[in-house]
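Q: requesting a structural model of the entry that follows:
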Amino acid sequence: MATTFGNGGGSSGHGGIDGEVEDARPCLKRLVDQGSVESRKFYLARKTAWEMLKDRGYKVADSELTRSLAEFRSDFGDKPELERLRISASLRSNPSKKILVVFMGTDDIRKATVRALHCQILKESLSGLILILQSKMNSFARKELESFPFKVEVFQIADLYVNVTKHYLMPKHEVLTAEEKQKLLKKYQLEDNQLPQMLRTDAIAQYYGLEKGQVVKVTYSEEFFQLHEQYRCVV
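A: Modelled structure (predicted):
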C-alpha cells in the first residue's frame, strides 16, 4: 500500500490521482489484531508445543501445525479455558508412551497446586508431563514435582511464543540415538567428556527434552560459519 503525502494544497490528505479519494484507514485496520492478547499468546505457545512434540517423535496431526490464529479463536474463543488447551500425544515409535501438556493459571504455583494436579492426572497412563506456566513456581512446588513417577518439564509461556529452532541463525540440531552415539565415539576414539558440552538448561536441550549424556549433531550454515558440523554432549 502506497501512502501519498499532501503538497500544501487545500485537501485534507484524502486527495488521490485524478480526484479519486484515497483513505489509508481501512488498509491499516486490516493490520490490527482485533482479538485478545490472551488468545494470541496461548495460540503461539500451543503451536510451539505441538511443533516441539513432533520434533521429539510424537504423533501430531498436520491440522495442529497449520491452524491459524483465526481458527484457534474460533475453536477456543478469545478467553480460552486452560482445561481445553491441554495436549495429549503418543510416541510414533511406541504409542504406549504418552505425554501430557498442561497450561497452568496466573496464580503462583505452590506445593498444594502441584499436589492437586498430581491427584487430577493419577488415572492417566503417562510417561511424561510438560507444564506451561504463566507465573512463578516456588522451590517447594519444584521439589514436589520429583514425586511424580515420570519426567516433568517446566516452561514459561513467554519462552514458547517463538520456536527457537526456527530462528534463521540457529543451526540444525539432530539428536543421535544411543547406537549412533557409540559409533561416533568409537570412530574418533573419544569419551563423552571430550566432546563439546551443551547444558541441560540450554534452550535447544529443553526444546528436545534432552538428558545428560545424550549427543546432538549440530550442522551450521556455511553462510555464517566455516565449521560445518559439530557434536555436543549434554551435561
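
Q: and for the residue minimising distance to the centre of the chain, nearest residue in space, chain neighbours not counted?
A: By CA atoms, centre = their mean, the mean C-alpha position of the chain lies nearest to residue 48, the distance being 3.1 Å. Counting by CB to CB, 6 or more residues apart in numbering, residue 48 lies nearest to residue 160, which is 4.2 Å off, once chain neighbours are set aside. For every residue, glycine as well, the C-beta is placed using N, CA and C.

Q: residue contacts, the one you found?
A: 44-45, 48-49, 52, 132 (CB atoms under 8 Å, 6 or more residues apart in numbering).

Q: okay, the residues you listed in TSV with distance to residue 36 and pLDDT next?
A: Formatted as TSV, those follow (distance: CB to CB, whole Å; pLDDT from 0 to 100):
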residue	distance to residue 36	pLDDT
44	13	98
45	14	98
48	19	98
49	19	98
52	24	98
132	18	98
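
Q: and the residues you listed, which of them are buried?
A: The neighbour-count test (16 or more other CB atoms under 10 Å) marks 44-45, 48-49, 52, 132 as buried among the contacts of residue 160.

Q: ok, of those, which one's closest to residue 188?
A: Closest approach to residue 188 among the buried ones among the contacts of residue 160 (CB to CB): residue 52, at 30.4 Å.

Q: can I assume that closest one is in contact with residue 207?
A: Yes. With contact defined as CB atoms under 8 Å, residue 52 counts as touching residue 207 (5.7 Å).

Q: quick one on the thing from earlier: strands - which of the contacts of residue 160 land there?
A: Among those, the ones falling in strands (DSSP state E) are residue 132.

Q: elements contacting the helix or strand encompassing residue 231?
A: Assigned by DSSP states H and E, residue 231 belongs to strand 229-234. Contact here means 3 or more CB pairs under 8 Å, 6 or more residues apart in numbering; DSSP states H and E; on that basis strand 229-234 packs against strand 197-198, strand 215-219.

Q: using a markdown table, lay out the ones you listed together with mean pLDDT and mean neighbour count.
A: Shown next, in a markdown table, are these (pLDDT from 0 to 100; neighbours: other CB atoms under 10 Å):
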| stretch | mean pLDDT | mean neighbour count |
| --- | --- | --- |
| strand 197-198 | 97 | 16 |
| strand 215-219 | 96 | 19 |
